[in-house]
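S.K.: no sequence on this one, just coordinates:
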């Protein structure tokens, strides 16, 4: 994992973006933010499990479906299964040590955030 600070790449309202093997963050002080880094590490694991490119295809398709479902960009984003898993476990710094493979699948049908 490589953490890189780039303000211009991160969309407004967000602080991080992960594209295996890189974690891009908007602010240098966030490189010490364990919760944010753990959230992004969860995305790294998800990307590896889906062999990277299929992760992004799934992410975009699910975002579009959630956007139709909720008609709200923030709700659509927060309810993508990958984001549900990452937000639910970002504070658990030991999560990735015990996380089962393809755990994000269990977040597909949970109630909206």
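M.R.: Nice, I can see it. For clarity, every value in this text was computed on a predicted model and none was experimentally measured.
S.K.: List the buried residues for the longest helix seen in the chain?
M.R.: When the chain is parsed with DSSP state H, its longest helix is helix 53-70. Of all the residues in helix 53-70, those buried under the rule 16 or more other CB atoms under 10 Å are 55, 58-59, 62-63, 66. (Each C-beta comes from the backbone N, C-alpha and C, glycine too.)
S.K.: Can you pull the poorly scored residue ranges out of this protein?
M.R.: 110-113 (pLDDT under 70).
S.K.: could you redo the last one with a cut-off of 50?
M.R.: The model of the chain has no residue with pLDDT under 50.
S.K.: Now do the strands in it.
M.R.: 2-5, 16-19, 22-25 (DSSP state E).
S.K.: sorry, back to before: arrange the buried residues of helix 53-70 in TSV, one row each, with distance to residue 46 as further columns.
M.R.: Formatted as TSV, those follow (distance: CB to CB, whole Å):
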residue	distance to residue 46
55	6
58	9
59	9
62	12
63	14
66	16
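S.K.: Tell me the helices and strands packed up against the longest helix of the chain.
M.R.: The helices and strands touching helix 53-70, judged by 3 or more CB pairs under 8 Å, 6 or more residues apart in numbering; DSSP states H and E, are helix 34-49, helix 73-78, helix 81-89.
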